[in-house]
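**Student:** Have a look at this fold, sequence not included:
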């Protein structure tokens, strides 16, 4: 049996990450890796530290201790990671092989250079701007040089017009994929909840990420919408070739699309492995049963469904 | 040395007044997260109300000024509280769910309105009253410079201390204080648990205004003069005090007030009185930029 | 059927309460006025009629309001529906060229209709001054309206432009046209320097710090006598010329050169077109930038800063550009202010000035060019117009100066706007880019 992809071909490696807020330890010495091309699910009861971990990965929080190594092409070479860690640099790009230490980088640089995009638990769209504009803003980093930092655009040069047309075409493709072509010019805040969730994912994808981080993408969706979402995520993995890391409570979604599951409880990692391994892990079952009944039920029903197949 | 001591006394007096105003800023910020820009003008308005009441009692009813002080203080507190109650109702209550800068913009509008309302109704000039309670106690004599402590200054510090103690008791020990702290943490949850959020916020504004009115009376007593543009600069300085002390923290507001009062008088004495306002404004900018949680405030973690 | 009776009595009760509250609010402050008497001691004069007028107004307004809001539901629904009907947007295409034509024709029409003497005031106060505020409003709109950065110290940049002109003219001997961009750039540089440390701050703290900086600038202008001449200010710099032709009577002047009879208004008309051109430039830049990545990033920043950072936008730089560009236009406006006024003193750059410009942006609708222009006309034009109405003096007495009420109304308008139309007079936002309709693609 070959090693799973998160061991053989990791894209992201979190080493001994700890995040403290005053006396509270939200994430305690967590290590795991995310495989290139995998859908990795981060699950755990409420308050387990999942979103905090996410915020550390995407640079919104500076972790107290720990290392987060990331490379778009995969982290093969440990010696390079060690060398970069020993230096004071945030990333290295020698020989076309890029390597980033995310814990050292500010949030916007993680999105811009390392190409890690994310969505938020409480949707953060640009509510007053149209759906199309949301997707164009996501391409800001690519469009800005083409606009001559505003100058070419101000003068209306063709170089910028072509770049903008390409950006619009890409946005239009995404709007068609998420079924919002007809609502392109409506303010994003006026869209129904499920559409907003999908639009936020499309917006993150317009930034062409190599790792897409989704914070509870299925929260508040009905069964039909959840199934659509799972389909969209699978397409993103298979067609757009982006790796996905998601936090999710909806076990039907998690079990349907995950290649790899990491379970957190009280800030600590209690399980890590393939879905079929994790669902039988006694520690996981105990964590869910012991903490919150509603979620334990969800797990049980999801597990039951899987076993009947 | 004597001059320093004298400026220390003056600074504490001035700082007491700033501290009283600062509490109004810090409480409102604590409970609804809003910079109540109009609070300085509420203070100025209260000084005008006190001035008019004082003239009414002394000229129309013929009371001696010393005897009139207590009813003037009480009347100014009540009327200013009514003003702030109405202001909260009219200008801020509706905005709690609006975009994040809406309450501040509304407060700026309210501040502009109040300052010009007083200008229009009472004229733009200085209004000065004859000095009240101008007994002084010489602390040192015979030196090159006599350090004095006036009855006014004692009264100001004593009144401030008593009010703060009473107020501290209210916030720590009564159900109002508990409701306030609950609203600070989570207004929606508090309302689900039966706290009347609107009433609690309104009471916060009322208390803040009453304390500002005390500050207004003490200001009038100490300096004997007030004009309609006096809300802006003392207001900003008191806000500076609240920020320096750590916005949201009540002891911080008082501490910050004393600090600003002292810095201002000492700066005026030893550096340049022309630029004394620059000191306060610079502290405001520096504190907000480099230590936004102030001396006693809690650091604020960005919610993502 | 019995509904009207309780409604009336309820309205009466609420109105009485309102009258009592208004009475409490206005008791000493409106009922009495303290003025120094012959001995320079304060004496009270009572104003009971005014006091009762206010109480009556409180009663009447509350009464009508209660009746209005207590109407049967059906009537209200209809009213709301009527309001929601969208205006015809296709007509907007003609609005801009028509407006521009009107603006260009305005001073000439005024000159022809009123003659050169009477036209002075109309070109200066209602033309140059309003355009100057429109320019300032459009400048501030970049920071406040587009990027959502509440700048309470905009007058400081205005002052930088004005003082830069007043100080650099004698120092360098450069012409107005050479100094205009320099003043703008200097103000932008100041915007950059002030913006740099403060842009990390949350929105309301940023507002307060900009206010603090503006006050520091003003205090320095008041006290740095050697350079700024304190409260007296700077004056005596050369008047505006028509590309070297001075506006003076005699053979070497502008009028003689073009064979016109000399009139003082020529200078103002020239100034009018200068401001108009610069305002249009500000407008062009804002409109163009809104459709570029930078402008969209500003608006995105206003909507959600955290989401911007998650998408790789360098928010500090984006804020800085908005701040500096806004300051640039303030600097340019300051330069024109110096030229028009002939004297530059700190009293022109108080917080009230910042508040007025902010009110123009807030009333106009943060982000709307039309709204800002409209609000500038309303706020600046209306209060000047009130001054013209002499019958107001007949009613309110000879001391009545409507200009005093300007800031009062501006303040009230800001409060009212935030409460009832937080997006301003012109609140509809047009997307900066649209997709062709689905059918059109086939």
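**Tutor:** Ah, there it is. All figures in this text were calculated on a predicted structure; none of them were measured in a lab.
**Student:** how near is the residue in the stretch 251-400 of chain C that chain B sits nearest to to residue B:109?
**Tutor:** Proximity of the stretch 251-400 of chain C to chain B (CB to the nearest CB) peaks at residue C:355, 5.3 Å away. Where you see a C-beta, it was placed from the backbone N, CA and C, and this is true even at glycine. From residue C:355 across to residue B:109, the span is 8 Å (CB to CB, to the nearest Å).
**Student:** picking up where we left off before, next structured bit after the helix or strand hosting the residue of the stretch 251-400 of chain C closest to chain B?
**Tutor:** In this assignment (DSSP states H and E), residue C:355 forms part of helix C:351-364. Once the chain leaves helix C:351-364, the next helix or strand it forms, by DSSP H and E, is helix C:369-376.
**Student:** ok, back up a step: contacts only, for the residue of the stretch 251-400 of chain C closest to chain B.
**Tutor:** B:108, B:112, C:152, C:407, C:410, C:411 (CB atoms under 8 Å, 6 or more residues apart in numbering or on different chains).
**Student:** Pull out the buried positions in stretch A:27-39.
**Tutor:** For stretch A:27-39, the neighbour count (16 or more other CB atoms under 10 Å in any protein chain shown) marks A:27, A:28, A:30, A:32, A:33, A:34, A:35, A:36, A:37, A:38, A:39 as buried.
**Student:** Identify all contacting residues around the helix or strand containing the fifth one.
**Tutor:** The one in question is residue A:33. Per DSSP H and E, residue A:33 falls inside strand A:24-35. Strand A:24-35 has contacts (CB under 8 Å, 6+ apart) with A:4-20, A:40, A:49, A:52-53, A:56, A:63, A:66, A:75, A:211, A:243, A:245, A:259-260, A:262, A:264, A:266-269, A:272.
**Student:** Recalculate using a threshold of 7 Å.
**Tutor:** A:4-6, A:9-19, A:40, A:49, A:52-53, A:56, A:243, A:245, A:259-260, A:262, A:264, A:267-269, A:272 (CB atoms under 7 Å, 6 or more residues apart in numbering or on different chains).
**Student:** Next: stretch B:249-264.
**Tutor:** B:8, B:11-12, B:14-16, B:18-19, B:22-23, B:26, B:164, B:168, B:171, B:237-238, B:240-242, B:244-246, B:276, B:279-280, B:283, B:294-297.
**Student:** I'd like the average pLDDT over that stretch.
**Tutor:** Per-residue pLDDT over stretch B:249-264 has a mean of 91.
**Student:** Stretch B:208-220 now?
**Tutor:** 93.
**Student:** what's that stretch in contact with?
**Tutor:** So stretch B:208-220 is contacted by B:17, B:20-21, B:23-24, B:27-28, B:39, B:42-43, B:46-47, B:50-51, B:72-73, B:76-77, B:80-81, B:83-84, B:129, B:156, B:159, B:163, B:226 (CB under 7 Å, 6+ apart).
**Student:** do the same with stretch A:157-174
**Tutor:** A:132, A:135-136, A:139, A:143, A:146-148, A:152-153, A:202, A:205-206, C:433, C:435.
**Student:** in it, what counts as buried?
**Tutor:** A:160, A:163, A:164, A:167, A:168, A:170, A:171, A:172, A:174.
**Student:** picking up where we left off before, which ones among the contacts of stretch B:249-264 also lie next to chain A?
**Tutor:** When CB under 7 Å from any CB of the partner chain is applied, no member of those is adjacent to chain A.
**Student:** Pull out the buried members of the residues you listed.
**Tutor:** Buried, going by 16+ other CB under 10 Å: B:11-12, B:14-16, B:18-19, B:22-23, B:26, B:164, B:171, B:237-238, B:240-242, B:244-246, B:276, B:279-280, B:283, B:294-297, out of the contacts of stretch B:249-264.
**Student:** How about the stretch 51-200 of chain A: which residue is closest to chain B?
**Tutor:** For the stretch 51-200 of chain A, CB to the nearest CB, closest residue to chain B: residue A:60, 4.6 Å.
**Student:** That residue: how many residues sit nearby?
**Tutor:** 21 (other CB atoms under 10 Å in any protein chain shown).
**Student:** Could you check how far it is from residue A:216?
**Tutor:** On the measure of CB to CB, residue A:60 and residue A:216 end up 16 Å apart.
**Student:** Next: residue A:288.
**Tutor:** 16 Å.
**Student:** next one: residue C:147
**Tutor:** Where residue A:216 is concerned, residue C:147 sits at a distance of 30 Å (CB to CB).
**Student:** Those two - which one has more neighbours?
**Tutor:** residue C:147 (30 against 21).
**Student:** what about the strands in chain C?
**Tutor:** C:32-36, C:42-46, C:234-235, C:241-242, C:245-246, C:343-344 (DSSP state E).
**Student:** ok but residue A:213 is inside a strand, no?
**Tutor:** Yes. Assessed by DSSP: H, G, I helix; E, B strand; the rest coil, residue A:213 belongs to a strand.
**Student:** Enumerate the residues of the stretch 151-300 of chain C near chain B.
**Tutor:** C:197-198, C:201, C:203-205, C:207-209, C:212-213, C:215-216, C:219, C:223.
**Student:** For those, which two are the farthest from each other?
**Tutor:** Using CB to CB, these span at most 31.1 Å, a distance reached by C:203 and C:223.
**Student:** quick one on the thing from earlier: sort out which of the contacts of strand A:24-35 are buried, if you could.
**Tutor:** Buried subset of the contacts of strand A:24-35 (neighbour count, 16+ other CB under 10 Å): A:4-6, A:9-15, A:17-19, A:40, A:49, A:52-53, A:56, A:243, A:245, A:259-260, A:262, A:264, A:267, A:269, A:272.
**Student:** what would the buried residues of stretch A:157-174 look like in a markdown table with pLDDT?
**Tutor:** A markdown table is the format used below for those (pLDDT from 0 to 100):
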| residue | pLDDT |
| --- | --- |
| A:160 | 85 |
| A:163 | 88 |
| A:164 | 88 |
| A:167 | 92 |
| A:168 | 93 |
| A:170 | 93 |
| A:171 | 93 |
| A:172 | 93 |
| A:174 | 94 |
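**Student:** between those residues, which is nearest residue B:102?
**Tutor:** residue A:171 (30.9 Å).
**Student:** tell me the contacts of the residue nearest to the closest one when sequence neighbours are not counted?
**Tutor:** Excluding its sequence neighbours, the residue lying closest to residue A:171 (CB to CB, 6 or more residues apart in numbering or on different chains) is residue A:135, at 3.7 Å. Under the criterion of CB under 7 Å, 6+ apart, the neighbours of residue A:135 are A:171, A:174, A:175, A:202, A:203, A:206.
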